[in-house]
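Participant: generate coordinates for the sequence data below:
(one chain, ligands or ions: 1)
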Amino acid sequence: MKERVLVTGGAGFLGSHLCDRLLQEGFAVLAMDNLLTGTTDNLAHLLGNRDFEFAFHDVTNYIYVEGPLFAVLHFASPASPRDYAELPIQTLKVGSLGTHKALGLAKAKGARFLLASTSEVYGDPLLHPQPESYWGNVNPVGPRGVYDEAKRFAEALTMAYHRYHGVDTKIARIFNTFGPRMRLEDGRAIPNFILQALRGEPITVYGDGTQTRSFCFVSDLVEGIYRLLRSDLHEPVNVGNPEEWTVLRMAETVRDLTGASAPIVHEPLPVDDPRVRQPNIALARERLGWRPVVDIREGIRKTIEDFRRRVPAQ
Ligand code: UDP
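Facilitator: This next block holds a predicted model:
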């Protein structure tokens, strides 16, 4: 009998790539999703697979799963600033109530638990790059606070289940990740830039574009998550690519790689938009033997190919 794992948010961008990887590793996979921001399109290629099941469920409600589980990977959450604005209460609920339900299930099943946390726990960081020991600079009542505080609460709850109940928990602090299957209307920088370039629309850079992010290709991220799942670490671990880019450079690169001639236009910087972001990945390097290997431009090319297949011809 194959060991079985539950991926909440399994129909999402990261969740669906994780399902693929876990199936490849020989697990039976149960993907759970309420399809609020996920889509079964991301799982269509798995629906005939005997080791794969999909359950339509909102994990802020009690989660019932029959039979044993080896691990619960909690990846359900809106994950884009546009979504936090449109779904603020769902974002808070899935990070708090959803994490509680997923942890309760892991405890009942004696399963490992892996939380998809975020670089957003560092907020607009005053320390750069960010090591795991940094406590962050978060505005609890700003527009991004619904995500940041939900994930901070999720980390606290995860550590409490580890310390008090002895659940074998892991926390991945995921930095900006991109790749095939991101929603066209996701609203984050890379999907926006690609969609705009392919449609020949102006590419919208918020602010002057000197703010930075460190973008990780999805296959690297999934490798880091899988290694963390198999590790004996319980403290939070940064998983991201330390190569730091300005947003303007990313916009120009996407434009070049799509061959578009659209202009770059500047729009107002969103409230509380972090100025800089770069993971210190010393812990992941030392304890997981992990580092990103995919060249960013190569990753962008792959993402553009995927978008080309999905964007209706203009
Ligand atoms: N951004 C941009 N144009 C867009 C979307 C985003 O310039 O069309 C900027 C945004 O202001 C931020 C950066 O790109 O500085 C990354 O934003 P994203 O929404 O991808 O994720 P974040 O890291 O802010 O959560």
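
Participant: quick one, phi psi at the closest residue to Asp168 other than its chain neighbours?
Facilitator: The shortest distance from Asp168 to any non-neighbouring residue, by C-beta to C-beta, 6 or more residues apart in numbering, is to Arg112 (4.7 Å). Placement of C-beta: from N, CA and C, glycine included. Main-chain torsions, Arg112, degrees, to the nearest 10: phi -70, psi 160.

Participant: against Thr169, how distant is Arg112?
Facilitator: Distance of Arg112 to Thr169, computed by C-beta to C-beta, to the nearest Å: 7 Å.

Participant: neighbour count winner among the two?
Facilitator: Shown here are Arg112 and Thr169; by other C-beta atoms under 10 Å, Thr169 has more neighbours (26 against 18).

Participant: look up phi and psi at that one.
Facilitator: Per-residue torsions, Thr169: phi -110, psi 150 (degrees, to the nearest 10).

Participant: so who does it touch?
Facilitator: 103, 106, 112-115, 158-159, 161-162, 234 (C-beta atoms under 8 Å, 6 or more residues apart in numbering).

Participant: re the thing from before, and for Arg112 and Thr169, which residues touch both?
Facilitator: Contacts common to Arg112 and Thr169, judged by C-beta under 8 Å, 6+ apart, are Ala106.

Participant: what's the per-residue pLDDT of Gly209 here?
Facilitator: Gly209 is assigned a predicted lDDT (pLDDT) of 98.

Participant: ok, Gln314 next?
Facilitator: 63.

Participant: what's the helix or strand for Lys302?
Facilitator: Lys302 belongs to helix 296-310 when assigned by DSSP states H and E.

Participant: what residues does the protein have near the ligand?
Facilitator: Residues of the chain lying close to the ligand by C-beta under 6 Å from any ligand atom are 80-81, 176, 188-189, 192, 204-206, 211, 213, 247, 269-270, 273.

Participant: burial measure for Glu223, as a count.
Facilitator: There are 18 residues near Glu223, going by other C-beta under 10 Å.

Participant: what about it, which SS state?
Facilitator: Using DSSP: H, G, I helix; E, B strand; the rest coil, the structure places Glu223 in helix.

Participant: ok, it - contacts?
Facilitator: Trp290.

Participant: same check, this time on the one 3 residues further on
Facilitator: Tyr226 makes contact with 18, 21-22, 25, according to C-beta under 8 Å, 6+ apart.

Participant: of these, which is the nearest to Val5?
Facilitator: Leu22 (5.5 Å; C-beta to C-beta).

Participant: please tell me how far the closest one sits from Val205.
Facilitator: Distance from Leu22 to Val205, by C-beta to C-beta: 37 Å.

Participant: which residue ranges of the protein form helices?
Facilitator: Under the criterion DSSP state H, the chain carries helices at the ranges 13-24, 81-86, 88-109, 145-165, 189-199, 218-230, 247-258, 282-283, 296-310.

Participant: now distance to Gln130 too, for the ones you listed, in a markdown table please.
Facilitator: Output for the helices of the chain, formatted as a markdown table (distance: least, C-beta to C-beta, whole Å):
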| stretch | distance to Gln130 |
| --- | --- |
| helix 13-24 | 20 |
| helix 81-86 | 19 |
| helix 88-109 | 20 |
| helix 145-165 | 13 |
| helix 189-199 | 19 |
| helix 218-230 | 16 |
| helix 247-258 | 18 |
| helix 282-283 | 11 |
| helix 296-310 | 19 |
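
Participant: any idea which of these gets closest to Pro125?
Facilitator: Taking the helices of the chain one by one with C-beta to C-beta, helix 145-165 is closest: 11.7 Å.

Participant: how about the closest residue in space to Val247 that isn't next to it in sequence, phi and psi?
Facilitator: Nearest non-adjacent residue to Val247, counting by C-beta to C-beta, 6+ apart: Gly209, 4.7 Å away. Note on Gly209: its backbone torsions stand at phi 80, psi 10 [degrees, to the nearest 10].

Participant: surely Gly209 and Thr253 touch.
Facilitator: No - the criterion here is C-beta atoms under 8 Å, and Gly209 misses it with Thr253 at 11.9 Å.

Participant: now the nearest residue to Val311 once chain neighbours are set aside: how far from Val29?
Facilitator: Spatial nearest neighbour of Val311, excluding adjacent residues (C-beta to C-beta, 6+ apart): Leu198 at 5.0 Å. Between Leu198 and Val29 the distance is 32 Å, computed by C-beta to C-beta.

Participant: Thr303 contacts Phe193, correct?
Facilitator: No - using C-beta under 8 Å as the test, Thr303 is too far from Phe193 to be in contact (10.0 Å).

Participant: quick one: which of those two has more around it?
Facilitator: More neighbours surround Phe193 than the other of Thr303 and Phe193, with 27 against 22 (other C-beta under 10 Å).

Participant: any low-confidence regions in the protein?
Facilitator: 313-314 (pLDDT under 70).

Participant: now for the closest residue in space to Glu120 that isn't next to it in sequence: which residues touch it?
Facilitator: Leaving aside its chain neighbours, Glu120 sits nearest to Asp148 (4.5 Å; criterion: C-beta to C-beta, 6+ apart). Remark: with contacts taken as C-beta under 8 Å, 6+ apart, Asp148 is in contact with 118, 120-121, 123, 138-140.
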